Each structure stands twice: as C-alpha cells, then as structure tokens.
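A.B. asks: Sequence and predicted structure are below.
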Amino acid sequence: MIRDTMRMVNLGLKSLMLHKLRSSLTTAGILFGVASVIAMLAVGEGASAETLKQYREMGVTNVLIRSKKPEETQQSSTTSTMSVLGYGLFYQEADRIQNLLPTATVVRVREFQRGIIRGENWSSTLIVGTEVDFLPVTNMKVVEGRWLTELDQQRQTNVCVLGASLAKQLFPLENPLGHTILVGIEDRFEVVGVLQYQGRAASPNGTTLDECAFIPLASSRRRFGDTVRNPSTNRYENVEVHEIKVKLPTMDEVVGAAAVLDYMLKPAHGNKKDVELTVPLELLRKAEETQRMFNLVLAVIASISLLVGGIGIMNVMLATVTERTREIGIRRALGAKKKHIVQQFLVEAGVLSALGGIVGVGLGMVVPLAIEKFFKQNTDILPIHVLLAFSISAAVGVVFGLYPAWRAANMDPVEALRHE
Amino acid sequence: MQTTSERAVIAEFVDVHRHYVMGKNVVRALNGVSVQVKKGDYLSIMGRSGSGKSTMLNILGGLDRPTTGQYRVGGRDVSQLSDDDLSDVRGREIGFIFQSFNLIPQLSVLENLEVPLFYQGRVGAESRAKAEYLAERVGLGGRLEHRPMELSGGQQQRVAIARALMNDPLFLLADEATGNLDSNTEKEILDLFDDLRADGVTIVIVTHNPKVAERSDHTLWLKDGQVEKLVDNRLVDGRLVDNRLVDNRGGAATNGGHA
Ligand SMILES: Nc1ncnc2c1ncn2[C@@H]1O[C@H](COP(=O)(O)OP(=O)(O)OP(=O)(O)O)[C@@H](O)[C@H]1O
Ligand SMILES: [Mg+2]
C-alpha cells in the first residue's frame, strides 16, 4: 500500500519532470498563494496579539477610572501660573463606589514623579501610592519580602515595595529588603518587598510597573500632599486620586458596573470632563471583533489566491491529460481500471500543489521574519495557520485535479490508443 | 467430441457482430464472425482496408465489446463484463504489442515492464526478477535502466514484447508489430515470435504484409466484416484448412491468401 503510493508519487514526479517549466510555473501559483496567506496571518496575528495582551493585562473584570486633565479653556489660560489647577477624582469617591458596588474591589492610586537616592544610585521614579488590594486587582505578585498592609495605611508608615527593575537599579548587588531609600529631599522609606517582573505599563506615559515604587496611600498623602508641580506646564496641579481601579467578581458584571459608574460620576465630573472610564473588556471585545473581520478578509483573499492557483493546476492537468491520451490508452490496454487512471492524475495534481505548498510554507515563514527585521513590526506565526495553508493547498490540487482525472479515466481506450 | 490430444480453446468468437451507428447508417464492421484460437496457435489476420481487422483486434483484446454475439476468453464469456472486469481480463489474460511500440516515455525499461503487474498489485521483488528474465529472453539484458528514447525501434519493440509477456497472458495480440521497422529488424522480431511460439506461446497478429502473414501457421482473411477464408500457411500450396477454426463455407483449395 505504502509502496504503491510511493510509486504513484514517484511516477507523478517523473511525469511532471517532462515539463519542468510548465510544472514550476503552476507550482509557483500555489506557492505564492500559500506564502502570502501565512505571511498575512502572521502579521495580523502579531499586530493584534500585542493589543489583546495589553487589554488582558488591564484585567478583563476591571473598570478603570482615571483622572484626566481637562482641556484648557480660555479663562484658565489667562489665570496666573501660580494658581493651582484642581481636577480629577476624590478620595471619598472610592467609598461611594464601594457602596454602589458592594461586591467590587475598589483600589485608589496616586502617582507622582520623585527622585530616589540609594547610596551612589539615583533614579527619577514614578511613586505609586496605593492600597492593599492593588496586588490582587492588578494580578501582581511579591517575590521577596511583603506587600503593603492595612497597618501601614493606618500608621502611615514609611515603607515601600519596589518594582523588579527599580530594585535592580537601586540595589545592583545587595538584597534591598530592610534598606532605606531617600524619596525626594527628606523622606526616608524602608524597603519591605520586591515585586515579580511584569513587563507591562503602569500609567499612560509608558512607565512600566517594574520601574515604580509602591507606598501606602495614606503615607503618600501625609508626606507629599495632593499638589504636584507639573514639569511640562510649570503649574501646580491638585489631584487627589489619579486612578480608581474597580474589580468585579465576574466578567458578566463589568458592563453593568461601568454604566453605574458612568452615571455616578456624571454630576461631579460630567461637565469638567476630568475623568475617563476605561473598560478593558469592551476594548478587548472590540479588538477581537476587528481581528475577526481582519481574518475574514484574509480568508477571502487567501481563497481567491488559492482559487487562482487551483485554476492554474486544472489548466495544466487538462493539457497534460490531452497530451498523454496515448499513455492513458496504453495503461488501459495493460489492465489499468478507471480508478487507477483517476488516481494517477490526482496524485500528479496533488504532488504539483503540495510542492507549491511546501515551498510556500518555507517562504511564508521567512517573509514575516524579514518584516520583523526591516519594519519593526511584530509578527506571530501560528503552527495551525501553517498547517491550514498547507492542507488547503494540497486539497486545492486534488479538487482541481478531479475533473481532468475524471476526463482521463473516461476516455475510450480504443480512441486513446489511436490518438496522434 | 474432441479427442484428448486436442488443444484447449483459449479465445473464441461466437457469431460476433460489431455495428457502428452513424446517424441513419449502420456500419457493420463485423458481421457474424465465428473463430476459435487454440493454445499454441500462431494466427495472422489479413484483409483489405476496412474489412474489420482493427475492430476484431479491439474485441479480441478486450478493449471493445461485440454488439451481439459472444466473445469467450478461457471459456468465459466476457462480452457483457463491466469496465473494471474487462480491465482485469486485459491485465491478466492478454499481452498487447503495438505498431508504434507504445512504451511509456518517462519510465525506464524496468518500470515499463512492471506496469501490467502494477495494476494487478503484483509489483515487488518477484516482478523485478521476472522483468530481468524477460529482458534477457528478448535479448535486452542489462538495459533495464534505459529510457525508451535511448533504444532503437527494434529494441523498443523487444521491450514491448517482454512487457506483453509479464503477466503470463493466454495469448499475445500484435497489431502490425513490425509495421514501423526495417526489413532486417522485422525479421529479428518475427524470429523472436517463432522462438516464443516454440515455447508454446499463443500469438495472434494483424498485418497488411503478406510476408509477415506467411510466417504464421494460419491466416484468417476478413472481407466486409466476415470471414472470407482461413489458409494453412504450412502447406506448400497454402490450402484452406478444415473447419477446425472456422466454418469456411466448404470452399475449395485456393492460393488466394498468397496473392
Ligand atoms: N469508431 C468507428 N465508428 C464508425 N465506424 C467505424 C469505427 N471504427 C471502424 N469503423 C468502420 O468499420 C469498418 C471496419 O473498420 P476497421 O478499422 O476494423 O478496418 P481495418 O480492417 O482495420 O482497416 P485498415 O486496414 O484500414 O486498418 C470500416 O468501414 C470503418 O469505417
Ligand atoms: Mg485497421
């Protein structure tokens, strides 16, 4: 059985070798079809994978409310640069949210930039003042020491937990636990923990969580207050809370909760437009929807290119069958049944397209690498896509070889032998 | 009743008609032919153009079916068989030899020889040994890896003869087997037929060439789709034979076949 198949494939190859140029051109049709399908899918996958990952990391059961600097109005631009610009979320709003959504976990976050000094090492760092539940809500883990506690909040202690990169930077050689760092000009904080490496963004300005230092929210308020000078506008801004993260127990509650929050925030912030509601789940769904559309378009393009390749195969196989009418007659005279003739030409068509498929897979895997190198664009080759492209190409050969093979098998042996 | 010394009938036409319907006309290519071929026979078929030789050969070879009448191979009526079963008859019982050799160009000599057995699912070490033996037998030992294009016409026809023998057929069926060869090569091929015949191989040939026909034992003459006469070439005066092979309408001895 296997030997017979080998023999048929071998025979197919030999027959294709009779017309090397014609066979290679036909193969090329399939080749480019397969290669472009794989390459396109890889680029599409790579582009969306990054976005989808980002949305997933934001937490699909979370609703994020961020303070946003309102757009400058005529009036405010005329006011003195010495006046303080106040906007954004308030401390008590977290309590109101908790009341409205009793099952949710609500976490407040304050962010501000400060220099941190530890011995020889200095770093301008994003200080994150936050609460105990920050860890479960952001799905982060402590690798050394401990996280901030309720007691830290109550006593407003000067303790901090460092992101993985920051810990490395400030303490290249020693274990940071128990050491003291200087935050700003005069505040000393004891390092009580180090977080696991995350590699994801902490705030919209691009800083990663790994570069941040985390301190109790209460300590932050006590030591640094709520007013910060914005270095870019040189104005003082008063923001109590930069972000409130609301984690719902299940995904089903997210959309409803978002609506409730939107409604709740309207009276205080609706006119000023100084808060922004982000629902990662909705973003994720939209991105997935976009990806689905993209894949659908791809599938259509792929089918068209493979259809063109298939027509090429059919064309060549019809020519082959006509040219080899006599061979068909001979084989029939020597005892070949119709099914043998069908097999022979199907295998030949299959070999033709499978060859195109194999080379196409090779090319389709190289092209994304080149795109990554030259266009700095993420690509992602999924094995299933490669498999799919290859099997479709082989199937195309068989499907489009079917009619020519059928025609070959149904020739009258007497006529076929008389041919030419 | 036949005596025990009588040889077995391996192919038999019983009142075979083959009609082609061309619009309103019916061409009676064969019009009631009854013939027997016995084991060990060396029979040639002759006749004018259009007399029905090719039609008869196609039916003998199982490539075509009678319109009416029976065609028996090895005692079995094959005139109503399905396409697949008829293919098996060709593959198992008949060895074809063609005027233009009809080797498959992209295959080597060995592979060409193995084609008939391939369709019987019998390709393997045994088929290779057989191919080697038969190549040797037709004088082409050591050429198994050659392509047909690398061989002369006579050599190609030898390969074709070896191929026809691969399935141990009941009889060889040759259509103008020497029509494309020069007279020297023709003689070599006919000598080979004589050798095969001496080994008991049954041979049926169709030819236009009286010199070729002369070397067979009997010549069957067709005329207008009917048997005109059957001549025994082994007799000096080429007399018509008895009714062993054919109902010869009681004609008197004649030289007609050798005109
Ligand atoms: N496929 C066909 N369709 C219609 N008529 C046919 C067909 N094949 C043969 N004939 C007719 O049948 C008759 C016998 O033809 P056949 O080919 O058997 O003759 P032949 O003896 O082989 O002639 P030649 O010596 O020229 O080859 C002829 O009249 C021919 O025209
Ligand atoms: Mg003829």
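C.D. replies: That came through, no problem. Ligands and ions are numbered 1, 2, ... in the order given.

A.B. asks: quick one, phi psi at the residue of the stretch 201-350 of chain A found nearest chain B?
C.D. replies: Proximity of the stretch 201-350 of chain A to chain B (Cβ to the nearest Cβ) peaks at residue A:335, 2.0 Å away. In short, each C-beta sits where N, CA and C put it, glycine included. Main-chain torsions, residue A:335, degrees, to the nearest 10: phi 110, psi 0.

A.B. asks: before we move on, which element is the closest residue in space to it that isn't next to it in sequence in?
C.D. replies: In this structure, residue A:335 finds its nearest non-sequential neighbour in residue B:91, 2.0 Å apart by Cβ to Cβ, 6 or more residues apart in numbering or on different chains. Assessed by DSSP states H and E, residue B:91 sits inside helix B:83-93.

A.B. asks: which other helices and strands contact the helix or strand following that helix?
C.D. replies: Once helix B:83-93 ends, the next helix or strand along the chain (criterion: DSSP H and E) is strand B:94-97. Applying 3 or more Cβ pairs under 8 Å, 6 or more residues apart in numbering or on different chains; DSSP states H and E, one finds that strand B:94-97 makes contact with helix B:153-165, strand B:171-175.

A.B. asks: can you redo those as CSV with mean neighbour count, distance to ligand 1 and mean pLDDT?
C.D. replies: Listed next are the helices and strands packed on strand B:94-97 as CSV, based on neighbours: other Cβ atoms under 10 Å in any protein chain shown; distance: least, Cβ to the nearest ligand atom, whole Å; pLDDT from 0 to 100:
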stretch, mean neighbour count, distance to ligand 1, mean pLDDT
helix B:153-165, 24, 19, 95
strand B:171-175, 25, 9, 95
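
A.B. asks: got these as JSON lines, with distance to residue B:216 columns?
C.D. replies: Shown next, in JSON lines, are these (distance: least, Cβ to Cβ, whole Å):
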{"stretch": "helix B:153-165", "distance to residue B:216": "16"}
{"stretch": "strand B:171-175", "distance to residue B:216": "10"}
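
A.B. asks: and the ones you listed as a markdown table, adding distance to chain A?
C.D. replies: A markdown table is the format used below for these (distance: least, Cβ to the nearest Cβ, whole Å):
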| stretch | distance to chain A |
| --- | --- |
| helix B:153-165 | 7 |
| strand B:171-175 | 9 |
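
A.B. asks: so which of these gets nearest residue B:32?
C.D. replies: If you check each of the helices and strands packed on strand B:94-97 against residue B:32 by Cβ to Cβ, strand B:171-175 wins as the nearest, at 21.5 Å.

A.B. asks: any residues touching whichever strand or helix holds residue B:19, and which ones?
C.D. replies: Following DSSP H and E, one finds residue B:19 within strand B:9-22. With Cβ atoms under 8 Å, 6 or more residues apart in numbering or on different chains as the test, strand B:9-22 has contacts from B:26-39, B:52, B:55-56, B:59-60, B:64, B:66-75, B:170-171, B:202, B:204, B:225.

A.B. asks: try 6 Å
C.D. replies: If you take Cβ atoms under 6 Å, 6 or more residues apart in numbering or on different chains as the criterion, strand B:9-22 is touched by B:26-39, B:55, B:66-74, B:170-171.

A.B. asks: Narrow those residues to those that are buried.
C.D. replies: B:28-31, B:33-39, B:55, B:66-67, B:69-74, B:170-171 (16 or more other Cβ atoms under 10 Å in any protein chain shown).

A.B. asks: Could you list which of those residues belong to helices?
C.D. replies: Secondary structure of those is defined by DSSP state H; positions in helices are residue B:55.

A.B. asks: Which ones among the buried ones among the contacts of strand B:9-22 lie within strands?
C.D. replies: Of the positions in the buried ones among the contacts of strand B:9-22, B:28-31, B:33-38, B:69-73, B:171 sit in strands, assigned by DSSP state E.

A.B. asks: now, which of those sits nearest residue A:385?
C.D. replies: Using Cβ to Cβ, those come closest to residue A:385 at residue B:73, 56.3 Å.

A.B. asks: in the sheet, who's paired with that closest one?
C.D. replies: residue B:11, residue B:76 (DSSP bridges).

A.B. asks: isn't it right up against residue B:93?
C.D. replies: Yes - under the criterion of Cβ atoms under 6 Å, residue B:73 makes contact with residue B:93 at 5.4 Å.

A.B. asks: Lovely, talk soon.
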